[in-house]
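[1] could you work out the structure for the sequence below:
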Amino acid sequence: DIFQNEAVSSLDNFKLPNKSSSRANTRNTKEEKDNKTNKKQVKTKKEKSKTFTKDIFNTHNMITTSYQPPKKESPPPSPHTPEFSPSVSPPNEPIDDFNNDDDIYINIQKEESNMIDYDDFSDKTPTWALPENARDAEGRDPDHPEYDPSTLFVPPEALKTFTPLMKQYWEIKSKNFDKIVMFRIGEFYRMFYEDAIICHKELDFNWLGTKMITGLPVRSFQKYSRELVERGYRICVADQLENRKAAERRMKNQSQGSKDKLVIRKASRYLSKGSYIDRNDPGHEPKYLLSIKSYKNKIGLTFLEIGYNIITFAWLEDDESFSFFQTLIAQIRPAEIVHESRHSDPKILNILKYSVSCPVFSPISGTQSWNPQTLQESLQKYYPEECPENLQFILDQDQEGSKKFILSSFAGLVTYLKQILLADQVLTTARY
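    Sure thing, here's the model as predicted:
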């Protein structure tokens, strides 16, 4: 009985285990085991990667310390980075009239701090064409009061040594020394010597082998010319006036002793900040070309808006600080200034130089360029019968006072328009 009672009590106290809790316990134990194994595997992987990187680092050190490549004769340093060996790649464009011996490009990273080394080029700028040695067409130094910066004196003995193509180039460049000459050869525009340096620095153009030449395709002319003009450079475009077939027909008609095998090229267009218009630019704003003639506090002004071809005359008698003139310049914001090269007031030039528009300065030398009498003679070509009403009103005024300064500034503008081949286009259709 006692045994039975104890057995019953023990059975009453005994409880069967819950199936769900047992399964959960077994699942937790499995997860713990898996986590432990995963941690071990991660540790082993990290240890293996450490040892692998150590092995790579050691082998790299072994290679760099033990192996020494044979020494090769390094090419001359590039003109822009002296310590950089230029990478050589085949050309992407034809050379046209140039030899194919040095038909390679030197890829140079653009660094403004480095200087161009002329010794790196096989064909470099002649000494008489360097800016520090240049003289104008009359042989005058830059310190001469009548110095003309737009011309260059080319020694006659130097012309004899040039090829026919380069002789043709220097004939154009000598008349446009203060401009970038884009010389068309086939389907490309070529820039030589100092002009090539400017294009290399500003547009990151590559050198044509070891020659001081850069170039761009004709189809890309509008893009890159606009960038140069907006940065304040003036461009002279020397186009081909005939193709190869027309040149061959011309050669057949010439006598045998005077055959010229070159395609005729001449300066056909001039681009500047105040005369260039991009018709495809949707955000086009009026650009003013200002011609100025002053004496003390008396200022004569002539504005040309090249987009709508409107010429405006103005005259100011200002105070000592030129407050009215500063207000007018701040409102109009001229893009280009035509002024006398030697007799302009430095105070007025400083006001224009530090104005918001940052204009380009185009100096005109020679007293006849600003003479009202020569102006009236030249206007007869464009207005043979009668002048426009507002222009005639200015011409009929007294020769002294305000009219003198207005006509002098207009004479300077007409002279400049003749130089950039826009006089016929502007004056025949201008509104005053």
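
[2] hey, let's count contacts and neighbours off CA atoms from now on
    Will do.

[3] how many neighbours does V229 have?
    Per other C-alpha atoms under 10 Å, the neighbour tally for V229 reads 18.

[4] show residues contacting the host helix or strand of it.
    Assigned by DSSP states H and E, V229 falls within helix 221-230. With contacts defined as C-alpha atoms under 8 Å, 6 or more residues apart in numbering, helix 221-230 is touched by Y189, E202, L203, R234, I235, L271, S272, K273, Y276, D278.

[5] excluding chain neighbours, what is closest to the third one?
    Nearest residue to L203 in three dimensions, chain neighbours excluded: Y224, at 7.5 Å (C-alpha to C-alpha, 6 or more residues apart in numbering).

[6] re the thing from before, give me the buried positions along the helix holding V229.
    Residues of helix 221-230 classed as buried by neighbour count (16 or more other C-alpha atoms under 10 Å): S225, R226, L228, V229, E230.

[7] for W128, see how far away the residue nearest to L203 is.
    Distance, Y224 to W128, by C-alpha to C-alpha, to the nearest Å: 29 Å.

[8] same question for T312.
    Separation of T312 from W128 (C-alpha to C-alpha) stands at 42 Å.

[9] can you check the pLDDT for L11?
    pLDDT for L11: 46.

[10] could you do I108 as well?
    Per-residue confidence (pLDDT) for I108: 41.

[11] cool, and E171?
    You'll see E171 listed with a pLDDT of 93.

[12] doesn't it fall inside a strand?
    No - secondary structure of E171 (DSSP: H, G, I helix; E, B strand; the rest coil): helix, not part of a strand.

[13] report the rounded mean pLDDT for stretch 314-327.
    Averaging pLDDT along stretch 314-327 gives 89.

[14] adjust the sequence numbering to begin at 16 for everything that follows.
    Sure thing, new numbering starts at 16, so read that last one as stretch 329-342.

[15] and that stretch, how far apart are its ends?
    14 Å.

[16] over to stretch 187-195?
    11 Å.

[17] give me the residues contacting it.
    152, 164-169, 196, 206, 210, 248-251, 253, 281-282.

[18] ends of stretch 346-364, how far apart?
    The straight-line separation of the ends of stretch 346-364 (C-alpha to C-alpha) is 17 Å.

[19] so which bits of that stretch are buried?
    Buried residues in stretch 346-364, counted by 16+ other C-alpha under 10 Å: R348, P349, A350, E351, I352, V353, H354, E355, S356, S359, I363.

[20] could you say what helices and strands the host helix or strand of the fifth one packs with?
    Secondary structure assigned from DSSP H and E places I352 in strand 351-355. When contacts are defined as 3 or more C-alpha pairs under 8 Å, 6 or more residues apart in numbering; DSSP states H and E, strand 351-355 sits against strand 303-310, strand 375-379, helix 417-434.

[21] could you dump those into a markdown table with mean pLDDT added?
    What follows is these, written out as a markdown table (pLDDT from 0 to 100):
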| stretch | mean pLDDT |
| --- | --- |
| strand 303-310 | 92 |
| strand 375-379 | 90 |
| helix 417-434 | 89 |
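
[22] make TSV out of those and add mean neighbour count.
    Shown next, in TSV, are the helices and strands packed on strand 351-355 (neighbours: other C-alpha atoms under 10 Å):
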stretch	mean neighbour count
strand 303-310	24
strand 375-379	21
helix 417-434	23
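
[23] show me what contacts the closest residue to E320 other than its chain neighbours?
    The shortest distance from E320 to any non-neighbouring residue, by C-alpha to C-alpha, 6+ apart, is to Y303 (4.8 Å). Applying C-alpha under 8 Å, 6+ apart, we find Y303 in contact with G289, F318, L319, E320, I321, I347, R348, P349, A350, E351.

[24] do R199 as well
    R205, V252, A253, D254, Q255, R280.

[25] same question, D333
    Counting by C-alpha under 8 Å, 6+ apart, D333 touches N312, K313, I314, F339, F340.

[26] and if we set it to 10 Å?
    Contact partners of D333, counting by C-alpha atoms under 10 Å, 6 or more residues apart in numbering, are K311, N312, K313, I314, F339, F340, Q341.

[27] in helices, which of those appear?
    F339, F340, Q341 (DSSP state H).

[28] relative to N312, how far out is L367?
    Note on L367: its distance to N312, by C-alpha to C-alpha, is 15 Å.

[29] so these two - more neighbours on which side?
    Neighbours per residue, other C-alpha under 10 Å: of L367 and N312, the larger number sits with L367, 23 against 15.

[30] and the contacts of stretch 172-185?
    When contacts are defined by C-alpha under 10 Å, 6+ apart, stretch 172-185 is touched by residues 112-113, 141, 143, 167, 169, 186-188, 191-192, 196-200, 207, 253, 275-281.

[31] in that stretch, which residues are buried?
    Residues of stretch 172-185 classed as buried by neighbour count (16+ other C-alpha under 10 Å): Q183, Y184, W185.

[32] let's see it as CSV, backbone CA atoms only.
    Only the C-alpha atoms of stretch 172-185 are listed here, as CSV (Å, rounded to 0.1, in the frame of the first residue of the first chain):
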residue,chain,number,x,y,z
GLU,A,172,66.2,86.8,-96.4
ALA,A,173,63.9,84.7,-94.2
LEU,A,174,61.2,84.6,-96.8
LYS,A,175,63.7,82.9,-99.2
THR,A,176,64.2,80.0,-96.8
PHE,A,177,60.5,79.2,-96.4
THR,A,178,58.5,76.6,-98.3
PRO,A,179,55.8,78.1,-100.6
LEU,A,180,53.1,77.2,-98.1
MET,A,181,54.8,78.9,-95.1
LYS,A,182,55.7,81.9,-97.3
GLN,A,183,52.0,82.2,-97.9
TYR,A,184,51.3,81.9,-94.2
TRP,A,185,53.8,84.6,-93.2
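
[33] before I go, just wanted to say thanks for your time.
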